[in-house]
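Trainee: Attaching a predicted model along with its sequence, questions to come.
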Amino acid sequence: MPLATIEILEGRGAAEKRALLEAVRDAIVAGLRVPDGDATVRIDEIAHEDVLLQRGASRLLTVVRVTMFLGRSPETKRRLHRAIADAVEPFGVPPDELQIVLHEPPLESWGIRGGVPASEVELGFDLEG
C-alpha cells in the first residue's frame, strides 16, 4: 500500500493533473508489482512564490515521494525509479528536473486494517515484487 505525493508548481490544468496522478499510480503498481488499486497518490501543488528553485531549474521541477514498506531490493527500486521517470516524461518533465525520494518505514511502523501493525498482517504480495 504505497503512498505517494507528487509535488508540482501550480499552473497545470485539472485534466492534466488527473492524468499525471493516474500515470504515477500505474508506474508504482508496475514498479513495485503490487496489486492494482493498492497505491494512493496525491498532488501537492505549490504556488510559484512559495518555492526557491535550484539554479537552472525550470517551472517543471517535479518531486515524487513514495512511502512504502521496507524490504525492497535495489533492483526493485531501480525498476520503480525507471517506471516513474517514464510515466512523467509525456508531461514534459525534463529528466534532470525529476526527483524521486523513497521513504521506507519498517512494517511495524505502519498501522493498517484497523490499526494492526503491517508486520502482523498477511500483505497478499511479495515485497520483492
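Mentor: Arrived safely. Residues are numbered from 1 along each chain as shown.
Trainee: List of residues touching whichever strand or helix holds residue 101?
Mentor: Using DSSP states H and E, residue 101 sits within strand 98-103. The contact list for strand 98-103 (Cβ atoms under 8 Å, 6 or more residues apart in numbering) reads 61-68, 77, 80-81, 84-85, 88. Where you see a C-beta, it was placed from the backbone N, CA and C, and this is true even at glycine.
Trainee: now with 7 Å?
Mentor: By Cβ atoms under 7 Å, 6 or more residues apart in numbering, the surrounding residues in contact with strand 98-103 are 62-68, 77, 81, 84-85, 88.
Trainee: ditto for stretch 33-43
Mentor: 1-6, 8, 17, 21, 24-25, 28-29, 124-125, 129.
Trainee: and residue 63, how far is that from residue 30?
Mentor: For residue 63, the distance to residue 30 (Cβ to Cβ, to the nearest Å) stands at 20 Å.
Trainee: who has more neighbours, the two?
Mentor: Taking neighbours as other Cβ atoms under 10 Å, residue 63 and residue 30 compare with residue 30 leading, 18 against 15.
Trainee: returning to that earlier point: which residues touch the helix or strand following the strand holding residue 101?
Mentor: Using DSSP H and E, the helix or strand that follows strand 98-103 in sequence is strand 111-112. Strand 111-112 is contacted by residues 1, 117-118, 121 when judged by Cβ under 7 Å, 6+ apart.
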